[in-house]
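Asker: following is a predicted model, sequence given first.
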Amino acid sequence: MTKNELALYINAVPQLEREIKRLNFLQKEEKSIRIAVFGKYNHGKSTLLNTIVGEEVFKASDKRETTKNKTHHHKNITWVDTPGLDADVTGKDDKEAEEGAFITADILFLVHNLKAGELDRYENDYYHRLINQKKDYQRRIFLILTQADQVTAEQKKQIVSIIKKQLPDITTFVVSATRFTKGLAEKKQIFIEKSGIIELLDLTQRLSNGALSLRSTEILEIKNIIKNELGKKYESVNNHLQQEIKNKKEMKNSFSYDVKNFTTKVKERG
Ligand SMILES: Nc1nc2c(ncn2[C@@H]2O[C@H](COP(=O)(O)OP(=O)(O)OP(=O)(O)O)[C@@H](O)[C@H]2O)c(=O)[nH]1
Ligand SMILES: [Mg+2]
């Protein structure tokens with residue numbers, strides 16, 4: 001799509017702006033799969049990505065840190081770090097994160113810090129809306145519960161069980177990036193095994209193998225959504241025009257009737 005075509009489509013069905021931009025992205029972008037981390041600020045998104053790619057490419061800190069989407073290519077996957085949600089009163093960061101997550105990413109890792117307890121209302125509502133919008137969400141959306149080292153085993157059990165009730169159909173991973181990094185640095189296999197990161201790396205490998213089929217189904221789905229919406233729009237414009245034609249015909253008939261009446265009356269008087 002050229003820039004003009006893109007604007008034209010969005011103008012025709014503005015409610016599908018996100019889908020149209022996504023289709024545009026899918027038709028011209030690179031072939032490797034994109035995975036975005038998504039979630040509230042300070043929950044450990046950037047740290048998780050650094051752990052997965054094995055180097056500190058994304059800035060992480062204990063204050064609101066990421067404010068722009070940033071990508072990094074590693075082993076056939078393009079990783080997208082997004083700004084934390086619900087941190088900026090103007091909503092600019094949320095928009096940036098949504099652009100990174102919904103227009104450019106194939107897979108979403110929803111990141112939630114176990115230390116924060118269960119999902120708060122903002123996360124719960126947001127993620128439910130997200131799941132309702134995506135038919136094949138089980139293949140595309142994963143929940144990553146981070147910072148497992150920050151809670152006791154008992155707390156972890158309780159929080160995870162509540163969260164599984166909040167989002168029952170989502171595949172969930174419980175991880176500690178810190179434990180994994182420590183395990184590597186101190187050559188302690190037990191930390192590495194207990195970090196949950198190995199399972200996540202296995203998942204990313206599997207996801208990267210299935211990327212192309214995910215994309216071709218998505219292109220077909222989006223095209224269908226756009227076709228249906230354009231069909232509905234055509235029908236509504238057409239109905240409106242038919243009604244206008246009917247109204248004009250009625251006006252014309254009533255006018256002819258008046259003219260006839262008037263002419264007869266003039267004739268009778270003359
Ligand atoms: N103990 C512990 N701390 C962690 C872990 N993961 C992240 N942190 C810390 O949590 C804080 C926030 O981490 P970030 O990775 O910057 O969080 P973020 O979600 O990217 O934050 P924003 O960019 O602001 O949205 C940092 O101080 C990290 O060191 C973990 O597994 N264990
Ligand atoms: Mg960050």
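Answerer: Perfect, thanks for sending it. Ligands and ions are numbered 1, 2, ... in the order given.
Asker: next, count neighbours for the closest residue to Leu6 other than its chain neighbours.
Answerer: Leaving aside its sequence neighbours, Leu6 sits nearest to Asn24 (C-beta to C-beta, 6 or more residues apart in numbering; 5.7 Å). Glycine gets a C-beta too; all of them are placed from N, C-alpha and C. By the measure other C-beta atoms under 10 Å, the count of residues near Asn24 is 19.
Asker: before we move on, what about Arg139?
Answerer: 16.
Asker: so for the residue lying closest to it once chain neighbours are set aside, what's the pLDDT?
Answerer: Distance criterion C-beta to C-beta, 6+ apart; nearest residue to Arg139, sequence neighbours excluded, is Leu214 at 6.7 Å. With respect to pLDDT, Leu214 scores 82.
Asker: all strands for the stretch 151-270 of the chain, in order.
Answerer: Using DSSP state E, counting those that start in this stretch, the strands of the stretch 151-270 of the chain run over 171-174.
Asker: for it, just list every one of the helices.
Answerer: 153-166, 177-185, 189-194, 197-209, 211-269 (DSSP state H, counting those that start in this stretch).
Asker: redo these as CSV? Include distance to ligand 2 and mean neighbour count.
Answerer: Shown next, in CSV, are these (distance: least, C-beta to the ion, whole Å; neighbours: other C-beta atoms under 10 Å):
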stretch, distance to ligand 2, mean neighbour count
helix 153-166, 21, 14
helix 177-185, 12, 18
helix 189-194, 23, 14
helix 197-209, 17, 15
helix 211-269, 24, 11
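Asker: and of those helices, who's closest to ligand 1?
Answerer: Closest approach to ligand 1 among these is made by helix 177-185 (3.5 Å; C-beta to the nearest ligand atom).
Asker: show the average pLDDT along the closest one.
Answerer: For helix 177-185, mean pLDDT rounds to 96.
Asker: quick one: distance of it to the chain centre.
Answerer: 30 Å (C-alpha atoms, centre = their mean, to the nearest Å).
Asker: with stretch 39-54 instead?
Answerer: 18 Å.
Asker: spell out which parts of the stretch 1-150 of the chain neighbour ligand 1.
Answerer: Residues of the stretch 1-150 of the chain lying close to ligand 1 by C-beta under 6 Å from any ligand atom are 41-47, 60-62, 64-66, 83-84, 146-147, 149-150.
Asker: show me where the stretch 1-150 of the chain has strands.
Answerer: Using DSSP E, counting those that start in this stretch, strands in the stretch 1-150 of the chain cover 33-39, 70-74, 77-81, 107-113, 141-146.
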